[in-house]
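> give me a 3D structure for the following:
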Amino acid sequence: MPLSVTLLSLCQALLISGNILLIAVSPLIGASLAPSPAWSTAPVATQWLGLMCATIPASLIMARLGRKRGFMLGNVMGLVGVGVVVQALTGDHFALFMLGTWLIGIGIGFGQLYRFAAVEAAPLALRDRAIGLVMGGGVLAAFFGPWLARVSRELTQTPFLGSFLGLGVLYLVALVILLLIRLPPPEVTHGEGNARPLGEIMRQPVFLVAVVSALVGYGVMNLAMTATPLAMADAGHHFDHVATTIQWHVLAMFLPSFVTGHLTARFGPHRMIATGCLLLVACGIVAQFEAGVAGFHAALILLGLGWNFTFLPATGLLTETYRPVEKARTQAANEFLVFSTVAFTALLAGPLASMLGWSLLNALLIPLSLVPITLLAWQRLARRPQRPHISG
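Just a heads-up that it's a prediction; the model follows:
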């Protein structure tokens, strides 16, 4: 595996460490600053909204300037967002805090393309393994992110200010690593020639399966995950228990990445996606029975596994739907559809968690988790040749 893929994995680990920190602290900061509990997860939603806003520009910028410069620009945007959040926390300003998380989300939107850069930097035969290695950087983040959230929470007199100062350090370290990475230039990775209309690409059955699987896997996971800190706080659990639960969840999200590529190559992406959907269903079922720490741990571990087995195979499927010259627009369309859904689910998490409660919220996610399986079954039936009609 090329060194550049390993360095991209480290950048991914730093990105996800910051994301975990945000998951753990943003809903709690929102609850303390928001005018009402229904707005407590709004800063999480604005983070995902920023990510959504970045998806199309990030892909187009990288097609023109290259992956390396695009990733560096994303980290700079993250640092600007951290600066705005610091001002918001010192001034107890809720709207300014949402602006800061929106800017951080823009930076994260650029970082979401690390997995595609790994595909380009690795030999074709190692495509799925390269995706798995980069996403496997989240294993390091599973330990480092919650630890950073715990130790930085009260480093300053202003609650959680130290957490965002630590986030800024992560973005600075990622910038240094990016200076060392050598990635193919855009004329090599994106190609030249005539591209098909985007609508034609998006109508491909493989594209539909890839997008719907990623959309459902990420959307269900994000809605349940964003509601978790609030649900655990309502159940009387300490912040350390919240951070530990998120840690196990993220570990379950990314630890299988080292073998997901092998499993996808052996069993096929469709079976892997179906397995991931069933794991998401299992999470919803577990959430119906236990509100203790062990119950949250079990549900969030199943949730992480379900995300891994839907999102990673869906990424591999997406790379089969476009030619090099079509790469930027196709990836941008995929990222926009997926992360606009994620932003919407983050915005819904606060109101739904307060109105429905943890158990009922997860119960509603069960039928949504089955949508990709339904699509796969429908496509399989559509491909089946019809039996000839035999008249009597």
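> mind checking how far the closest residue to residue 313 other than its chain neighbours is from residue 200?
When the adjacent residues along the chain are set aside, residue 313 lies closest to residue 269, with 3.8 Å between them (CB to CB, 6 or more residues apart in numbering). The C-beta positions use only the backbone N, C-alpha and C, and glycine is treated the same way. According to CB to CB, to the nearest Å, residue 269 and residue 200 sit 22 Å apart.
> one more: residue 8?
Counting by CB to CB, the gap from residue 8 to residue 200 is 31 Å.
> which of those two has more neighbours?
Comparing residue 8 with residue 200 by neighbour count (other CB atoms under 10 Å), the higher total belongs to residue 8, at 27 against 11.
> who touches that one in this structure?
Residues in contact with residue 8 (CB atoms under 8 Å, 6 or more residues apart in numbering) are 114, 117, 118, 121, 134, 137, 181.
> top of those by number of neighbours, please.
The member of those surrounded by the most neighbours (other CB under 10 Å) is residue 118, with 31 neighbours in all.
> residue 265: neighbour count?
15.
> any idea what sits nearest it, other than its immediate chain neighbours?
For residue 265, the closest residue by CB to CB, 6+ apart turns out to be residue 128, at 5.7 Å.
> pretty sure that neighbour contacts residue 267?
No. The criterion here is CB atoms under 8 Å, and residue 128 misses it with residue 267 at 11.8 Å.
> more neighbours, those two?
Between residue 128 and residue 267, counted using other CB under 10 Å, residue 128 has the larger neighbour count: 22 against 13.
> how far off centre is the strand or helix carrying residue 171?
Using DSSP states H and E, residue 171 sits in helix 161-180. Mean-position distance between helix 161-180 and its chain equals 19 Å (CA atoms, centre = their mean, to the nearest Å).
> could you pull out the buried residues of it?
If you call a residue buried by 16 or more other CB atoms under 10 Å, then helix 161-180 has these buried ones: 161, 162, 163, 164, 166, 167, 168, 170, 171, 174, 175, 178.
> tabulate the residues you listed (JSON lines), appending distance to residue 19 and pLDDT.
Below are the buried residues of helix 161-180 laid out as JSON lines (distance: CB to CB, whole Å; pLDDT from 0 to 100):
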{"residue": "161", "distance to residue 19": "19", "pLDDT": "86"}
{"residue": "162", "distance to residue 19": "17", "pLDDT": "85"}
{"residue": "163", "distance to residue 19": "12", "pLDDT": "85"}
{"residue": "164", "distance to residue 19": "13", "pLDDT": "88"}
{"residue": "166", "distance to residue 19": "13", "pLDDT": "87"}
{"residue": "167", "distance to residue 19": "10", "pLDDT": "89"}
{"residue": "168", "distance to residue 19": "14", "pLDDT": "91"}
{"residue": "170", "distance to residue 19": "10", "pLDDT": "91"}
{"residue": "171", "distance to residue 19": "12", "pLDDT": "93"}
{"residue": "174", "distance to residue 19": "12", "pLDDT": "92"}
{"residue": "175", "distance to residue 19": "17", "pLDDT": "92"}
{"residue": "178", "distance to residue 19": "18", "pLDDT": "91"}
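> of all those, which two lie farthest apart?
161 and 178 (26.6 Å; CB to CB).
> count of neighbours near residue 237?
So residue 237, with other CB under 10 Å, has 18 neighbours.
> same question, residue 370
16.
> make residue 1 into 850 and carry on from there
All right, first residue 850 from here; so that's residue 1219.
> residues in contact with it?
Applying CB under 8 Å, 6+ apart, we find residue 1219 in contact with 1126, 1130.
> all helices for the stretch 900-1049 of the chain, in order.
916-940, 943-960, 963-970, 976-984, 987-1001, 1010-1029, 1035-1038, 1047-1051 (DSSP state H, counting those that start in this stretch).
> in this structure, which helix is the longest?
In the chain, with assignment by DSSP state H, the single longest helix is helix 1176-1218.
> what is that helix packed up against?
helix 852-882, helix 891-914, helix 1047-1051, helix 1054-1083, helix 1118-1135, helix 1142-1167 (3 or more CB pairs under 8 Å, 6 or more residues apart in numbering; DSSP states H and E).
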